[in-house]
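A.B. asks: heads up, no residue letters with this:
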C-alpha cells in the first residue's frame with residue numbers, strides 16, 4: 001500500500017520563505033528571457049538568483065540559451081533535477097504549468113513553485129499543494145535572494 005503524498009502549502013511566513021531560498025540549489029525559470037532582454041525582470045531576476053550561487057535553468061521555447069545555460073521548451077524537457085520552478089508567465093498560464101509539473105514523476109517534481117510578483121492563481125496553487133508542492137505567490141525571488149543569500 002502506498003503512503004498518501006504529503007500535502008504542500010501556500011507559503012507566506014518570512015521564516016519559511018527564508019528557508020526555501022537558503023535551500024535552493026537549482027531553479028528552472030519558466031518564461032526566462034535571454035541577453036536581448038536585459039532590462040526585463042525575466043532576465044534580471046534569474047541573474048540575481050545565479051549570482052546568489054543557484055544554478056538557473058531557462059525554460060522558454062523562444063530562446064536557445066541564457067546566462068550560460070541551454071534553454072528548454074517545456075519544464076518536462078529539463079533533463080536535470082531542480083528543486084524549484086520560478087514562473088515569469090501571466091497568471092492565466094499558471095494552471096497549464098502546474099499540470100505539467102504535476103505530470104512529472106514524483107522524484108523529478110520540484111519542492112516549490114515560486115510565482116513572481118503580480119502572479120497569483122489560487123486554483124493552480126491548490127492543485128500543486130495537493131500534489132505535495134509548496135507554492136509561493138506574488139513575491140519577487142530576487143528580493144528574497146538579496147535578503148537571505150548574501
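C.D. replies: Everything's here; your move. Please read these numbers as outputs of a predicted model, since none were measured by experiment. Numbers count the residues shown, from 1 in each chain.
A.B. asks: partner residues bridging residue 55?
C.D. replies: Bridge pairing for residue 55 (DSSP bridges) gives the partners residue 26.
A.B. asks: any idea how far it is from residue 29?
C.D. replies: According to Cβ to Cβ, to the nearest Å, residue 55 and residue 29 sit 11 Å apart. Heads up, the C-betas are built off the backbone N, CA and C, glycines and all.
A.B. asks: residue 47 too?
C.D. replies: Noted for residue 47: a distance of 10 Å to residue 29, by Cβ to Cβ.
A.B. asks: neighbour count: those two, which is higher?
C.D. replies: residue 29 (30 against 16; other Cβ atoms under 10 Å).
A.B. asks: that one and residue 56 touch, don't they?
C.D. replies: Yes. Between residue 29 and residue 56 there is a contact under Cβ atoms under 8 Å: 5.7 Å.
A.B. asks: now the common contact residues for those two.
C.D. replies: Common contacts of residue 29 and residue 56 (Cβ atoms under 8 Å, 6 or more residues apart in numbering): 46, 49.
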